[in-house]
Structures are given as C-alpha cells and as structure tokens.
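Chemist: give me a 3D structure for the following:
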Amino acid sequence: MKIDYLKNHKNMIPILAKWNYSEWGHKTKLDLQDIEKKYEQTALTKQIPSTFVALINRTIVGMASLLAHDCKAEPTLTPWLAALYVDKDYRKQGIGKALVQKALSEAKKLNISILYLQTEEKNLNFYQELGWKMYKKTIWQKEEIIIMSFTIF
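Modeler: So this is what the prediction gives:
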C-alpha cells in the first residue's frame, strides 16, 4: 500500500467525490459536482487544505483530508482531520490507521500542535485506539456528533 497526495492522482477525484457523497452527502447537502470542486481545492501538498489517497496496485482504496474547518458546530476549532474513508472491500487491513498516521505526520511538519475530527459513536473506539481523546459531544442538525482531538506536540 502507498499513501500519496491527491495532487498526484487528480484523475481519482470523481471516485473520492462519490465516496464522500455516499457517506456524508445527506449531511452536507452538497451535490456531486460541488464535492468534486472541493477535492480540486484540496489537491495540494504541504499545506492545508490537502487530501491523501491510499493506493494498492494503482487502485484507490481510501482517503483522508486535512482541512481548516470541518464542523459548523465548532467554527473556532482548527484544523481538522476530515473525510477519512476506506473502500468497504479494503477495511480492517490497517488502511484507515495508515491514513490517520499520514495526516498526523503531515500536520506535525506543518507545525500544527493539535488536530480535531468529528465522528459518530460507532467510530469512537477506532480513534481512541490511535490516541485520539474525546473533546466534546454536541448536537448538530438534530444528530449527536463527537468531537475528538489529538495533541501532536
């Protein structure tokens, strides 16, 4: 498996957008074209925003982004690990963990001391096992969300 910048694989943006739309589209109310445009904006390196992709034999199997903001319920918190997703056929193989570690490594290089993410209860253990701490629970659009933080240094 290889993790690389989306910038080097822009042809894969439609796949990332479809994953994002199917997983979170009902919450963001963005259409597929809007999501593709957002990924175009994150196809950068060594800065925020940026997106990473996980590849196995040139097949994209996962993604994660570093964004300045990802939670309208907490607009003062920044930056965020966002849109961590692994294709269903490739889950439970350490790909999500590798993407999180890549994002943390990149954040450290950018001199970021703390990173946030939002998740649901079903994903809490995954992030806690990687060292993320509960920051707070809150309600957004009638749904409970969990904000977690990771202190890098």
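
Chemist: measure how buried Ile15 is and give me the count.
Modeler: Ile15 has 16 neighbouring residues, counting by other Cβ atoms under 10 Å. In short, each C-beta sits where N, CA and C put it, glycine included.

Chemist: ramachandran angles for the nearest residue to it once chain neighbours are set aside?
Modeler: Of all residues beyond its chain neighbours, the one nearest Ile15 is Ile60 (5.6 Å), with distances taken as Cβ to Cβ, 6 or more residues apart in numbering. Note on Ile60: its backbone torsions stand at phi -80, psi 130 [degrees, to the nearest 10].

Chemist: for Ile60, what are its contacts?
Modeler: Residues near Ile60 by Cβ atoms under 8 Å, 6 or more residues apart in numbering: His9, Met12, Ile15, Leu16, Val53, Ala54, Asp87.

Chemist: look at it and report its pLDDT.
Modeler: You'll see Ile60 listed with a pLDDT of 97.

Chemist: equivalent analysis for Phe153, please.
Modeler: Note on Phe153: pLDDT of 94.

Chemist: surely it meets Lys109?
Modeler: No - counting by Cβ atoms under 8 Å, Phe153 stays clear of Lys109, with 11.5 Å between them.

Chemist: next secondary structure after the helix or strand of the chain with the lowest mean pLDDT?
Modeler: Within the chain, no helix or strand scores below helix 13-28, which has a mean of 89 by mean pLDDT, DSSP states H and E. Remark: after helix 13-28, the chain's next helix or strand is helix 32-41, criterion DSSP states H and E.

Chemist: what average pLDDT does that next one get?
Modeler: Here helix 32-41 scores 93 as its mean pLDDT.

Chemist: show me where this structure has strands.
Modeler: Remark: strands assigned in the chain by DSSP state E are 2-5, 50-56, 59-67, 80-86, 114-119, 133-140, 143-151.

Chemist: okay if I get the ones you listed as JSON lines plus distance to Thr42?
Modeler: As requested, these are exported to JSON lines (distance: least, Cβ to Cβ, whole Å):
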{"stretch": "strand 2-5", "distance to Thr42": "10"}
{"stretch": "strand 50-56", "distance to Thr42": "4"}
{"stretch": "strand 59-67", "distance to Thr42": "5"}
{"stretch": "strand 80-86", "distance to Thr42": "9"}
{"stretch": "strand 114-119", "distance to Thr42": "16"}
{"stretch": "strand 133-140", "distance to Thr42": "22"}
{"stretch": "strand 143-151", "distance to Thr42": "20"}
